[in-house]
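1. fold the following.
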Amino acid sequence: MWTPKEPPVFEGVPPYQARSAIERWGPGLLIVVAVWAAYIPTFNNQFVSWDDDHYIYDNQQVILLDGIKSVWATSFTTRARLSRRSR
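-> Sure, this is the predicted structure:
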């Protein structure tokens, strides 16, 4: 059975302490600035819903209860069968 080893003990070496606020906050601030810079192009975008009419509102597989069942219970598309039924 594997047992963990004791961590090494360095006698006479004090634990590291940040000397300034930049050493303490710098890495976190750098990550925040990098993420903010990566998302700058998306700040002026508007909500996009180009495909909602086609894929949600007009889709018989989403509207009909039988369509929802066919999406989850079969491995083939039943769009032709559903479109014949809705005529």
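2. helices of this structure, start to end?
-> Assigned by DSSP state H, the chain shows helices spanning 21-39, 52, 60-63, 65-73, 79-85.
3. okay, the ones you listed, which one's buried deepest?
-> Using mean count of other Cβ atoms under 10 Å, the stretch among these with the greatest mean number of neighbours is helix 60-63 (a mean of 14). C-beta here means a position set from N, CA and C on the backbone, and glycine is covered the same way.
4. which strands or helices does that helix pack on?
-> Based on contacts counted as 3 or more Cβ pairs under 8 Å, 6 or more residues apart in numbering; DSSP states H and E, the elements that helix 60-63 packs against are helix 65-73, helix 79-85.
5. picking that back up, can you redo the helices of the chain as TSV with distance to G12?
-> Converted to TSV, the helices of the chain look like this (distance: least, Cβ to Cβ, whole Å):
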stretch	distance to G12
helix 21-39	23
helix 52	67
helix 60-63	70
helix 65-73	66
helix 79-85	76
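6. and the ones you listed as TSV, adding mean pLDDT and distance to P8?
-> Rendered in TSV, the data for those read as follows (pLDDT from 0 to 100; distance: least, Cβ to Cβ, whole Å):
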stretch	mean pLDDT	distance to P8
helix 21-39	93	24
helix 52	73	60
helix 60-63	77	61
helix 65-73	75	56
helix 79-85	54	66
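7. and N45, which of these is closest to it?
-> Closest to N45 of the helices of the chain is helix 21-39 (Cβ to Cβ; 10.3 Å).
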